[in-house]
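Peer 1: 3D, please:
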Amino acid sequence: MIPPVNRYRVTYTLLGLALAAVAIGAIVFAPSGGLTDVPEALESYSPENESTVLRQIQIEIDLPVNYEIVLVVDGVTIPDSEIEVIEETGKFTWRPSDTTIIPEWTVGLHTVWVRWDRTSGLPDPDEWIWTFRVQ
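Peer 2: Numbering: from 1, shown residues only. Sure, this is the predicted structure:
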C-alpha cells in the first residue's frame, strides 16, 4: 500500500501530466486559419468572417494610409463614389441604402471581396475574401 503522502504526489503528478497532454493536444490539433491568414496590410475588417450580424451592419476595411480598394459585395462591384474613405486613417466604409447600388441587406449569407494596392511608393497588391450572415 502507498503511504498517504506519496498518494498525493502520485495523484498530482498524474493530473499534471494529463494537463500537459491536453495543452499539447490543443496546440497540435488546433484548427488552422483564423487571423494569422489575414494579409499583413489589412489592419482590420468588419463584420468578422463567418459572423452573424443584424441588417444595419456596414462593411469596414482598415488599411494603412495611401491605399485604394476595389470592393465587391455578393458579386456586385461597389462604385468608388459610394465608399466613404477617411484618407488620414486608411478606413473605408460602405453600407447599403436607397442611394447605393445594393439598396439593403437581404437575410442570408453574403460574400465580400476586397482588393487593394498602394497609391504611392512600391506596389503592395493583395486581396481578402470573407463571408458573413445577416439575420
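
Peer 1: got the buried residues for stretch 125-134?
Peer 2: 128, 130, 132, 134 (16 or more other CB atoms under 10 Å). Backbone N, C-alpha and C define where each C-beta goes, glycine included.

Peer 1: Actually, stretch 61-78.
Peer 2: 61-63, 67, 69, 71-73, 78.

Peer 1: for stretch 108-122, same thing?
Peer 2: Counting neighbours by 16+ other CB under 10 Å, stretch 108-122 gives 110, 112, 114, 116-118 as buried.

Peer 1: One more: stretch 82-95?
Peer 2: Quick answer for stretch 82-95 (16+ other CB under 10 Å): 83, 85, 90-92, 94-95.

Peer 1: would CSV of the residues you listed with pLDDT be doable?
Peer 2: Shown next, in CSV, are the buried residues of stretch 82-95 (pLDDT from 0 to 100):
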residue, pLDDT
83, 97
85, 97
90, 96
91, 98
92, 98
94, 98
95, 96
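
Peer 1: Dump those to a markdown table, plus secondary structure.
Peer 2: Compiled in a markdown table, those are given as follows (DSSP: H, G, I helix; E, B strand; the rest coil):
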| residue | secondary structure |
| --- | --- |
| 83 | coil |
| 85 | strand |
| 90 | coil |
| 91 | strand |
| 92 | strand |
| 94 | strand |
| 95 | coil |
